[in-house]
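Peer 1: Build me a structure from this.
(one chain, ligands or ions: 2)
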Amino acid sequence: MLVKFILQKNTVMSALKLSPFQQEKLQYYFNFFDSDGNGQLELSDLDGFMKKVLDFTGWDVDSQCARECHEVHECFFHTLMEKAEKGSDRINLAKWFRMWDGLIPGCMSMRNFPVWLRLLPKSLFRIIDKKGDEKIDAKELADFYVKFVGIPEGNVTSLVNYAMEQMTDHGKYPLTLDSYNQMFANFLIGRTPYGPGRFIFGCFEHMVQRTEFQLIQGPSDILQDPLSEFKRLQIAQHSPQTPNSLVKVKFFRAA
Ligand SMILES: [Ca+2]
Ligand SMILES: [Ca+2]
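Peer 2: Numbering: from 1, shown residues only. Ligands and ions are numbered 1, 2, ... in the order given. Predicted coordinates:
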């Protein structure tokens, strides 16, 4: 039975146009919404997700921010359920991948996605921008990584510093909603582990391999020594189960 399931799963995965890295990212995104962690997305996950949002932001449940966030995600969950198998009220990971496989090819920016998806990064931006000053700063991003995404506190400072460097071009451009939208599009569309979109949820492993490849692509003044950069980030303690794969996203789940 298990063998049959694995064979079926592999058949589904091999038919996908998504790159392995996209699948890793999208699996992370799936887990982000699967608030009860049962491996299925269902309407009941929306309540758990909103509870996390309210705990994180401190928004009153009746506030405009909370209502808007709920509306956007309610629409998202209902649209997901419409894509479920007939008679089912849940989406599993394979179905989730197939949905994105149908959405992503040909998309160049968030504008190319349907409206029920375009609203998601804006909503996430509002959640992270706790001070409400229309830009995300390092402290807000660190808070999000630790409290919402579940990245260990001991790792977060160096990771956030690196993420902010990458997402703001070393501080040249603030992380506004416009630029966050572009990062988010890169998170969804990027087939390879380059580009700032990989920091949307801030948790990637195999920094050495990715950094070495970046150096081949073009030297960068902050990535002169990939190994020391990797050690500096100190995010390698959770070894992936498949060390030969080029890139592995670390799935953190907030406590
Ligand atoms: Ca669930
Ligand atoms: Ca802010």
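Peer 1: Just the element for G132, please.
Peer 2: G132 belongs to no helix or strand when assigned by DSSP states H and E.
Peer 1: now L16
Peer 2: Residue-wise, L16 maps onto no helix or strand under DSSP H and E.
Peer 1: For this structure, which residues are neighbours of ligand 2?
Peer 2: D129, K131, D133 (CB under 5 Å from the ion). C-beta: built from backbone N, CA, C; applies to glycine.
Peer 1: Quick check: nearest residue in space to C65, chain neighbours excluded?
Peer 2: W59 (4.9 Å; CB to CB, 6 or more residues apart in numbering).
Peer 1: tell me the contacts of the one you found?
Peer 2: V53, C65, A66, C69 (CB atoms under 8 Å, 6 or more residues apart in numbering).
Peer 1: what's the closest of the residues you listed to ligand 2?
Peer 2: Nearest to ligand 2 among the contacts of W59: C65, at 13.5 Å, using CB to the ion.
Peer 1: What segments of the stretch 1-150 of the chain are helices?
Peer 2: Listed in chain order, the helices found in the stretch 1-150 of the chain under DSSP state H, counting those that start in this stretch are 2-14, 20-33, 43-57, 64-82, 93-103, 115-128, 138-143.
Peer 1: Okay, buried residues for the longest one please.
Peer 2: Put plainly, it is helix 64-82. C65, A66, C69, H70, V72, H73, F76, F77, L80 (16 or more other CB atoms under 10 Å).
Peer 1: List the contacts of the second one.
Peer 2: The reference is to A66. Taking CB under 8 Å, 6+ apart, we find A66 in contact with M50, V53, L54, T57, W59, D60.
Peer 1: List just the nearest of these to ligand 1.
Peer 2: M50 (13.7 Å).
Peer 1: Isn't the closest one up against H70?
Peer 2: Yes - here M50 reaches H70: they are 5.7 Å apart, a contact under CB atoms under 8 Å.
Peer 1: picking up where we left off before, separate out the buried members of the contacts of A66.
Peer 2: The neighbour-count criterion (16+ other CB under 10 Å) marks M50, V53, L54, T57, W59 among the contacts of A66 as buried.
Peer 1: ok, the residue of the stretch 101-250 of the chain found nearest ligand 1 to V160 distance?
Peer 2: The stretch 101-250 of the chain approaches ligand 1 most closely through G150 (16.2 Å), counting by CB to the ion. From G150 across to V160, the span is 14 Å (CB to CB, to the nearest Å).
Peer 1: Looking at the two now, which is surrounded by more residues?
Peer 2: V160 (24 against 17; other CB atoms under 10 Å).
Peer 1: list the contacts for that one?
Peer 2: Counting by CB under 8 Å, 6+ apart, V160 has contacts A138, L141, A142, Y145, G202.
Peer 1: what does the stretch 51-200 of the chain put close to ligand 1?
Peer 2: Close to ligand 1, as judged by CB under 5 Å from the ion, the stretch 51-200 of the chain has no residues.
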